Structures are given as structure tokens and as C-alpha cells.
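In: below is the structure, and that's it, no one-letter string:
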């Protein structure tokens, strides 16, 4: 999932927007604070603030990390017998 070269620029931007939306919803649901999220993604906390405001989107190094984190969460939920969030 980390190879985004086959996507057009607009497709990558749409994917990044959706990934941010899902990441922030997941973090809110799990009670994960912005600082903790930044540490999980190995980024500066201010980037998350910019994503929330819509000023920035995750870059080519961060987007695959977000997708992997979300993928791990879905796999974890499936392993616990919970229905995966869409």
C-alpha cells in the first residue's frame, strides 16, 4: 500500500484527504492525543494541526505511514472479533 507511484497527483491528494479524515476519527475514537499521534507517525505535532485545518496534506513519506497505521487498526479489530470500520 505504500507504493503510490501508480496514482495521479489528484488521486494521491484525494487519498491523503481521506486518510487524514479517517486517522483523525480513529484517534478521536481511541482517545489518542495529537502529541501521541505525532509520535506514532514520527512527525512534528504542528503538521497534524495543519492537516486538521486543511492547510496541508501528508507528504509522500508520511501518507504510507498513515495508511499502514490505519491498516494495522483494521487488522487488530478483525482479530478481536470486531467489525472493521469503513
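Out: On my side now, so go ahead. On a predicted model such as this, the values are computed, not experimentally measured, just so you know.

In: count the neighbours of the closest residue to residue 43 other than its chain neighbours for me.
Out: Nearest residue to residue 43, sequence neighbours excluded (Cβ to Cβ, 6 or more residues apart in numbering): residue 62, at 5.9 Å. The way it works is simple: take the backbone N, C-alpha and C, and place the C-beta from them, glycine included. Residue 62 has 18 neighbours, counted by other Cβ atoms under 10 Å.

In: which secondary structure elements does the longest helix belonging to the chain contact?
Out: Ranked by residue count and defined by DSSP state H, the top helix of the chain is helix 9-30. If you count contacts as 3 or more Cβ pairs under 8 Å, 6 or more residues apart in numbering; DSSP states H and E, helix 9-30 packs onto helix 34-41, helix 45-53, helix 62-79.

In: what's next to the shortest one, contact-wise?
Out: By Cβ atoms under 8 Å, 6 or more residues apart in numbering, the residues outside helix 34-41 that reach it are 23, 27, 32, 44, 45, 47, 48, 49, 62, 65, 66, 69.

In: go with 10 Å
Out: 23-24, 26-27, 30, 32-33, 43-49, 51-52, 58, 61-62, 65-66, 68-69 (Cβ atoms under 10 Å, 6 or more residues apart in numbering).

In: mind listing what's buried along it?
Out: 37, 38, 41 (16 or more other Cβ atoms under 10 Å).

In: could you check the angle helix 45-53 makes with the longest helix of the chain?
Out: Interaxial angle of helix 9-30 relative to helix 45-53 (axes from the mean of the first three to the mean of the last three Cα atoms, to 10 degrees): 100 degrees.

In: which strand or helix spans residue 56?
Out: Using DSSP states H and E, residue 56 sits in no helix or strand.

In: that one: neighbour count?
Out: Counted with other Cβ under 10 Å, residues neighbouring residue 56 total 15.

In: measure the closest residue to residue 45 other than its chain neighbours to residue 8 for me?
Out: Leaving aside its chain neighbours, residue 45 sits nearest to residue 38 (4.2 Å; criterion: Cβ to Cβ, 6+ apart). From residue 38 over to residue 8 the distance is 29 Å, taken as Cβ to Cβ, to the nearest Å.
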